[in-house]
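[1] everything below, folded, please.
(chains A and B)
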Number of protein chains: 2
Amino acid sequence: MKIKVVKDILGANEQIAQKNRQLFDSNQVFVVNVMASPGAGKTSLILQTIKRLKGKTRVGVVEGDISSSLDAEVISKEDVPVVQINTGGECHLDASMTATALGSLPLGDIELLLIENVGNLVCPAEFALGENIKVLVSSTPEGDDKPFKYPLMFHQADAVVINKIDLLPYLKFDVDAFSKAIKGINQKVKIFPVSCTTSQGIEPWVTWLLGQMGKK
Amino acid sequence: MKIKVVKDILGANEQIAQKNRQLFDSNQVFVVNVMASPGAGKTSLILQTIKRLKGKTRVGVVEGDISSSLDAEVISKEDVPVVQINTGGECHLDASMTATALGSLPLGDIELLLIENVGNLVCPAEFALGENIKVLVSSTPEGDDKPFKYPLMFHQADAVVINKIDLLPYLKFDVDAFSKAIKGINQKVKIFPVSCTTSQGIEPWVTWLLGQMGKK
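    Numbering: from 1, shown residues only, chains lettered A, B, ... in the order given. From the prediction side, this is the model:
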C-alpha cells in the first residue's frame, strides 16, 4: 500500500515534469536542476555561473528552500530574474512547485534557468522538475565516501561539481579516489573540480554548460 | 488526503517510538539520536565519544545509512556492539527500523546507545526513534546560515555540536552569529564547538553527555 502511494506520487510528478519540459522547450529555455547537501555551495556556484555568463546568455534562477529567502536575496543583486519557492517543510522541490514558480518568471527572456533544489542528497534525486540536466555539487569537506552512501544522487547526475578544492590542503579528501567512485556508479558523468571562493576551475564548467545548451 | 497519510505515518511512528523508549528505560539505556548533513562528522563524533568514554560507560551504536556499511565497519574496530540499518532509499530512520535493529543489540550490556541517523537536515527531525536526546552535528564549512534554512532541525535539538572548528581560519563562518541564530530558534539548546580531527572541545561535550545520563 505504501509502495503504491509512492508510485502514484512519482507518476503524477513525472506527468507535470513533462508539461514543464514542453513549456521550457517552447520558450527555448535550457534548465539545470542543481542539487547538493546543505552548504555544499549551490548558491555560490549559481553566482559564479551568472557572473561568467554575463553578456553570453540570459540567466534566470529558481531558489528552493524549506524556509527563508536568503539565497534569493543574494541572487537578486546580480540583476537576474529570481523566484523563491518555500517548500514549507518538504525536503525537495517537485514538478508542481516548479510549475507554480514559472508563472512569476519571464520565460521568453531567459535562455538558461538554474533551479536550486533543497539541500539534501536523498529525496531531490527522485523528483524530476522538467530539467534538461541534473548537476550535483559535492564539496570536499563532506568527505570522499559520499558516492557509496548516496548512490542514487550520483547515478542521476549529468555533472558533479567538486566544490571547495581550496580547502584540500587541510582535509583528507582524495579527488582521484572520489572521481573513480563516481565513475563506478555513473560512467557518463562529467566531473569539474572547482573553488567558488577562488574561481579556480569555473571556466571549464561554464564552457561545458554552454556546450550543453548548444552554444560555444 | 496527503496530510492525513502523513499524520497517520507520524502517529504510528510515535507509538513505536514510545515502545522503544520503554524498552530502553527498562534496560537503563540512555539513547542519543545523532543527526546532521552528509559529511558533517556524525561518525567522527561517535568515534571520539566512544574513545573518551572507554572505561566510564558501556557504549553501543546503531548506524543508519541509505546503503553501504562503511561507517559500521569503522565503528566495529572500537570493540563496541554495532548494528547497521540500511534504509533502502528512505531519507531518515524511523522507530520501526530502530525496533528491528534492537533485536541484534545486547541492550542489557549497554548504558549509552548512539544512533547515527541518515545524513539529512530535514526528514530525520520529524521521526522520533525513542531517544532521550537529539544531537545535531553542524560543521563549519556548511556555513553559518543553516539555522535559518533548516529551522525544525535546530529547534528539535537538545545539543548542537559545531564540528570542524580547525577549519575556521580558512572559512567565512562566524561562531557567535551562528550560536545566536540557534538560540533565537531554541533557547534551551547546548552548543559545543569541537574539532573531531584535533579533539579540541570534545571534553566538555562528553562531560555534558555523562551529566545527561546522570553520571559524572
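[2] quick check, central residue of chain A?
    residue A:34 (0.5 Å; C-alpha atoms, centre = their mean).
[3] is the helix or strand where that one lies positioned near chain B?
    Taking DSSP states H and E as the definition, residue A:34 sits inside strand A:30-36. No. Residues of strand A:30-36 are not located near chain B by C-beta under 8 Å from any C-beta of the partner chain, the shortest gap being 9.3 Å. Every C-beta, even on glycine, is put in place using the N, C-alpha and C of the backbone.
[4] ok, residues contacting that strand?
    A:21, A:24, A:42, A:45-46, A:111-117, A:119-121, A:124-125, A:129-139, A:153, A:157, A:209, A:212-213 (C-beta atoms under 8 Å, 6 or more residues apart in numbering or on different chains).
[5] so which of these sit within strands?
    A:112, A:113, A:114, A:115, A:116, A:133, A:134, A:135, A:136, A:137, A:138, A:139 (DSSP state E).
[6] return the residues in contact with the third one.
    To tie it back to what came earlier, the one meant is residue A:114. A:32, A:34, A:46, A:49, A:50, A:59, A:60, A:61, A:62.
[7] give me the number of residues near the first one?
    Counted by other C-beta atoms under 10 Å in any protein chain shown, the residues lying close to residue A:32 total 24.
[8] what do you get for residue A:132?
    17.
[9] next, it: phi, psi?
    The phi/psi pair for residue A:132 (degrees, to the nearest 10) reads phi -80, psi -40.
[10] tell me how far residue A:104 lies from residue A:51.
    23 Å (C-beta to C-beta, to the nearest Å).
[11] repeat for residue A:158
    22 Å.
[12] so these two - more neighbours on which side?
    A count of neighbours by other C-beta under 10 Å puts residue A:158 above the other of residue A:158 and residue A:51, at 18 against 13.
[13] excluding covalently adjacent residues, which one is nearest to that one?
    residue A:133 (4.1 Å; C-beta to C-beta, 6 or more residues apart in numbering or on different chains).
[14] the one you found touches residue A:212, doesn't it?
    Yes. In this structure, residue A:133 is within contact of residue A:212 by C-beta atoms under 8 Å, at 6.1 Å.
[15] got any residues that touch both of the two?
    With C-beta under 8 Å, 6+ apart, residue A:133 and residue A:212 have common neighbours residue A:158.
[16] residue numbers of chain A in contact with chain B?
    Residues of chain A lying near chain B (C-beta under 8 Å from any C-beta): A:5, A:37-40, A:65-68, A:70, A:89, A:91, A:118-123, A:139, A:141-143, A:145-146, A:148-152, A:164, A:166-167, A:170-171.
[17] residues making contact with the lowest-mean-pLDDT helix or strand in chain A?
    Counting by mean pLDDT, DSSP states H and E, chain A has its least confident helix or strand at helix A:2-26, which shows a mean of 86. By C-beta under 8 Å, 6+ apart, the surrounding residues in contact with helix A:2-26 are A:30-31, A:94-96, A:98-99, A:102, A:107, A:113, A:126-132, B:5.
[18] circling back: for the contacts of residue A:114, which one is nearest residue A:81?
    Closest to residue A:81 out of the contacts of residue A:114 is residue A:60 (4.5 Å), distances taken as C-beta to C-beta.
[19] before we move on, the earlier item: could you dump the ones in strands among the contacts of strand A:30-36 to CSV with pLDDT and distance to residue B:83?
    Supplementary listing: the ones in strands among the contacts of strand A:30-36 in CSV, determined by pLDDT from 0 to 100; distance: C-beta to C-beta, whole Å:
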residue, pLDDT, distance to residue B:83
A:112, 98, 47
A:113, 98, 45
A:114, 98, 41
A:115, 98, 38
A:116, 98, 36
A:133, 98, 39
A:134, 98, 34
A:135, 98, 36
A:136, 98, 30
A:137, 98, 32
A:138, 98, 28
A:139, 98, 30
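[20] make a ChimeraX selection of the buried ones in the residues you listed.
    Burial among those is assessed by 16 or more other C-beta atoms under 10 Å in any protein chain shown; the matching ChimeraX selection reads:
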select /A:112,113,114,115,116,133,134,135,136,137,138,139
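[21] now, among the ones in strands among the contacts of strand A:30-36, which is nearest to chain B?
    Checking these against chain B by C-beta to the nearest C-beta gives residue A:139 as the nearest, at 6.6 Å.
[22] hang on, isn't the closest one packed against residue A:42?
    No. If you go by C-beta under 8 Å, residue A:139 and residue A:42 don't touch, sitting 9.9 Å apart.
[23] for chain A, which spans come out with low pLDDT?
    A:1-6, A:216 (pLDDT under 70).
[24] how about the helices in it?
    Ranges of helices within chain A are A:2-26, A:42-53, A:70-76, A:95-102, A:146-149, A:151-156, A:175-185, A:202-212, based on DSSP state H.
[25] quick check: which of these is nearest to residue B:191?
    Here helix A:70-76 is closest among the helices of chain A (C-beta to C-beta), at 21.1 Å.
[26] hmm, back to that, out of the contacts of helix A:2-26, which end up buried?
    Buried, going by 16+ other C-beta under 10 Å: A:30-31, A:94-96, A:98-99, A:102, A:107, A:113, A:126-132, out of these.
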